[in-house]
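>>> Structure for this input, please:
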Amino acid sequence: QVQLVESGGGLVQAGGSLRLSCAASGRKFSRYDMGWFRQAPGKEREFVSGVSWTSSTYYADSVKGRFTISKDDAKKTVYLQMNSLKPEDTALYYCAQRGESFTTATSSSPADFRSWGQGTQVTVSS
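Predicted coordinates:
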């Protein structure tokens, strides 16, 4: 059973930056796609960014060009560098791991991610 622990959230002014980290323990990290999702109050959880087990990256249109996902297999950690933050980026950010290993197609659906962290709050003030 994998455990995911996010960190790095906080309060930042619009235009600022934050770097989120997600440390994993348990099953072999390098075999699984990882993703970042977010959920704002009163809204559904939405996909932000993902990195495949082969290190291919993909992003939601709303964050493309501003956010960068990366991972360190040796440290079992995935990162989300967030630049040019906007008030609409305010949400609880979750790290997640795909349920299947060595997948052949990426996914942005929460249903395809089996393990989830507790989340880290990101608040962007205007």
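>>> tally of neighbours for the closest residue to Gly119 other than its chain neighbours?
The shortest distance from Gly119 to any non-neighbouring residue, by C-beta to C-beta, 6 or more residues apart in numbering, is to Leu92 (4.3 Å). Where you see a C-beta, it was placed from the backbone N, CA and C, and this is true even at glycine. Using other C-beta atoms under 10 Å, Leu92 is surrounded by 18 other residues.
>>> residues in contact with Leu92?
Leu92 makes contacts with Arg38, Gln39, Ala40, Gly119, Thr120, Gln121, Val122, as judged by C-beta atoms under 8 Å, 6 or more residues apart in numbering.
>>> buried residues in stretch 69-76?
By neighbour count on 16 or more other C-beta atoms under 10 Å, the buried set for stretch 69-76 is Ile69, Lys71, Lys76.
>>> Also stretch 33-49?
Buried residues in stretch 33-49 (16+ other C-beta under 10 Å): Asp33, Met34, Gly35, Trp36, Phe37, Arg38, Arg45, Phe47, Val48, Ser49.
>>> same deal with stretch 56-69?
Buried residues in stretch 56-69 (16+ other C-beta under 10 Å): Tyr58, Tyr59, Ala60, Val63, Phe67, Ile69.
>>> And those, which is closest to Asn83?
Phe67 (7.2 Å; C-beta to C-beta).
>>> Now do the residue nearest to Gly119 against Ser52, distance only.
To Ser52, Leu92 is 24 Å away according to C-beta to C-beta, to the nearest Å.
>>> Return the residues in contact with the spatially most central residue of the chain.
Geometric centre of the chain, nearest residue: Trp36, 1.9 Å, by C-alpha atoms, centre = their mean. Counting by C-beta under 8 Å, 6+ apart, Trp36 touches 20, 22, 47-50, 69, 78, 80, 93-96.
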